[in-house]
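Peer 1: Compute the structure for the input listed below.
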Amino acid sequence: MTIAIEPRRPRRTEPLTPDTAPPAMGAKPAWIKVPLSHGPHFKGLKRLVRDQGLHTICEEAACPNIGECWGEFRTASFLLLGDTCTRNCGFCDVTTGRPGAVDWTEPQRLAEAVARLELRHVVITSVTRDDLDDGGAQIFAMTIRALKRRDPGLGVEVLVPDFQGNWDALATVMRAGPDILNHNLETVPRLYSRVRPRAIYTQSLELLRRGKDLSPRTPTKSGLMLGLGETRDELLTVLEDLRRHAVDVVTLGQYLRPSLRHLPVERFVPPDEFDELKAIARQMGFRHIESGPLVRSSYHAHSQLQ
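Peer 2: Numbering: from 1, shown residues only. Take a look at the predicted model:
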């Protein structure tokens with residue numbers, strides 16, 4: 001699908017202004033600052049995560065919205081299969097190394113924690129486990145079923161890895177009945193060698209399409225980080241690719257550099273551009289769009305089932 005828009009020079013070739021140029025590490029534009037928001041559920045969730053030996057991507061990836069999601073919306077994103085990833089993506093703050101053994105009690109412990117906190121919506125993701133034949137699909141399925149047994153009305157989103165193209169593994173997850181299937185493209189194809197060096201753009205698109213084929217009524221979702229050096233035309237092409245693969249929900253947010261070891265920010269994208277991209281994505285036919293500097297893959301996840 002092609003959207004008629006006014007031609008524009010690629011963003012990377014435009015001169016950077018003091019407001020959008022990447023500043024020194026730690027300095028950010030005013031629109032990146034997050035208001036402190038630790039509602040009544042925040043401390044309880046933090047304590048229970050520690051007590052149960054669980055991991056959350058909210059903490060591991062230093063999400064700026066953790067206070068809002070945990071404290072106000074009673075949603076959280078849990079990280080399965082430990083806290084050590086077999087990949088070393090240029091943007092990600094999760095530890096890379098050799099993971100430990102699979103903890104088969106993890107799904108039940110997570111379900112118990114979610115029930116105790118009376119959460120309304122959970123996102124289940126994992127470190128990438130290329131060392132496992134199924135990439136961890138069985139643990140995903142066990143967790144979905146454990147959560148649904150405890151609370152059939154709980155919203156359960158799964159943010160899955162690419163399973164190295166193992167579609168039987170994807171089918172294992174879909175048979176368990178998640179409410180949303182999420183797999184992030186993260187960036188445009190040209191930047192994959194730097195940003196996602198062991199991922200394949202077309203394989204990730206195929207995963208999303210196959211997920212829809214396996215469960216046509218289950219919404220599919222993907223997310224992109226902006227500010228890594230992508231051009232406007234590249235970004236719009238990716239959005240069109242997502243719609244061609246029947247993706248329903250898209251999230252667009254600003255990439256923030258976790259440390260000096262990670263990829264630098266090429267550009268801070270102003271809020272009005274995120275608003276413009278949201279309008280374009282709506283014209284393309286996405287059912288739900290979250291677009292803004294502080295948006296992350298799980299931001300307002302609870303509202304995407306409405």
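
Peer 1: mind checking the SS state of Arg98?
Peer 2: coil (DSSP: H, G, I helix; E, B strand; the rest coil).

Peer 1: Relative to Pro107, how far out is it?
Peer 2: Here Arg98 is placed at a distance of 23 Å from Pro107 (CB to CB, to the nearest Å). Where you see a C-beta, it was placed from the backbone N, CA and C, and this is true even at glycine.

Peer 1: Of the two, which one has the most company?
Peer 2: Between Arg98 and Pro107, counting by other CB atoms under 10 Å, Pro107 is the more crowded of the two (21 against 7).

Peer 1: mind listing what the more buried one touches?
Peer 2: Residues in contact with Pro107 (CB atoms under 8 Å, 6 or more residues apart in numbering) are 80, 139, 142-143, 145-146.

Peer 1: Please identify, among these, the one with the most neighbours.
Peer 2: Going by other CB under 10 Å, Thr143 tops these with 28 neighbours.

Peer 1: Helix or strand: which one has that one?
Peer 2: Element membership of Thr143, judged by DSSP states H and E, is helix 137-150.

Peer 1: mind checking how far that helix is from the chain centre?
Peer 2: Taking CA atoms, centre = their mean, to the nearest Å, the mean C-alpha location of helix 137-150 is offset from the chain mean by 19 Å.

Peer 1: same check, this time on stretch 169-186
Peer 2: Worked out by CA atoms, centre = their mean, stretch 169-186 lies 13 Å from the chain centre.

Peer 1: Now for Thr220: which residues touch it?
Peer 2: 180-183, 208, 211-212, 245-249.

Peer 1: Show me what it bridges to in the sheet.
Peer 2: With DSSP bridges as the criterion, Thr220 is bridged to Leu181.

Peer 1: Return the distance of it relative to Arg196.
Peer 2: According to CB to CB, Thr220 stands 19 Å off from Arg196.
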